[in-house]
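Novice: sequence and predicted model, in that order:
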Amino acid sequence: MEVHFNNIRENIINEINQAKFSIFICVAWVSENFIIEELSNCLKLGIQVELLINYDNKFDYSKHKFDDFVSNGGRLFLFDTSEKLMHNKFCVIDLSTTVTGSFNWTYGATKHEENIIIERRNIDFAHTFAKQFTKLKRQSTLYSNFFTGNADLYRHVKVSYTTKQNNRLGIDFLYLKYEEGSKKDTKTVDKTKFEKALGHQNYPKEILGFWKLRSEYFLDQFNAEQMVEFYEFICIDNRFQGILRNEMDDKFGRR
């Protein structure tokens, strides 16, 4: 184990340059140009890089810095700070090396009294942080930019409708199927409530919202834990927010 109080940025970049397979980063704020550039260089070498940061006004100010990162295949996750702050500062390299400490990956942090700890070739230690990274991804949104076809987090997504009756409950259910490229999601709502919220106009062909990456764990036939990732469509249209949450899905045990 190594502890560093000086030249922290340089030590982080040195560890990044040692990566052979993967880099998982969970740091509250990242905007340091040299570090972001090194992460983009790793992507060009075929290394998997995933970065999870806070979604706040600091990100809005610096998001242009990630254009090259995302266009080269980097996965950038934005943590929902509406209820709480994500204040972690750790990095897992090749699932065996961990870098953690007080240092945010920003230019300002290079001027402060900070520290990092580097623990190499400790798989159990690294896996503990990797599991926390996966957990926090469930509360985050996958960001995409112009290079991947989506200019913003929020956009209009195509939706189709299917009506099914439930005679036992005496309710007509409306199934909304969202599709955008390979991303798909289905929501089930009370048809009467949906039409009331719509004001009895024609059903919209597109609904405003964004895709949120979700992770869930299942036990396979060998009783081993397996993670499955999928995208959930989150509606932000004021007309439908009250009924397009997951009440119906939760009630009937869909997820």
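Specialist: That came through, no problem.
Novice: domain ranges for this structure?
Specialist: What automatic domain parsing lists as the domains of the chain is 2-148, 155-251.
Novice: average pLDDT across the first one?
Specialist: Domain 2-148 shows a mean pLDDT of 91.
Novice: so how far is that domain off the chain centroid?
Specialist: 13 Å (Cα atoms, centre = their mean, to the nearest Å).
Novice: quick one, strands of the protein?
Specialist: With DSSP state E as the criterion, the chain has strands at 2-4, 22-27, 48-55, 75-80, 89-93, 97-101, 116-119, 140-143, 155-166, 171-180, 183-190, 206-219, 225-235.
Novice: what's Ser182 sitting at in phi/psi?
Specialist: phi -90, psi 0 (degrees, to the nearest 10).
Novice: likewise Thr106?
Specialist: phi -130, psi 160.
Novice: got any ranges where the stretch 151-255 of the chain has weak pLDDT?
Specialist: For the stretch 151-255 of the chain, the stretches with pLDDT under 70 are 151-154, 167, 169, 213-227, 241-255.
Novice: can we see that at 50?
Specialist: The stretch 151-255 of the chain contains residues with pLDDT under 50 at 151-152, 246-255.
Novice: looking at the domains of the chain, which is buried most?
Specialist: Comparing the domains of the chain by mean neighbour count (mean count of other Cβ atoms under 10 Å), domain 2-148 comes out on top with a mean of 17. No exception for glycine: its C-beta is placed from N, CA and C like everyone else's.
Novice: ok so, going back, put together TSV for the strands of the chain, with distance to Leu39 on each row.
Specialist: Output for these, formatted as TSV (distance: least, Cβ to Cβ, whole Å):
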stretch	distance to Leu39
strand 2-4	19
strand 22-27	7
strand 48-55	5
strand 75-80	10
strand 89-93	10
strand 97-101	13
strand 116-119	16
strand 140-143	14
strand 155-166	26
strand 171-180	27
strand 183-190	25
strand 206-219	19
strand 225-235	21
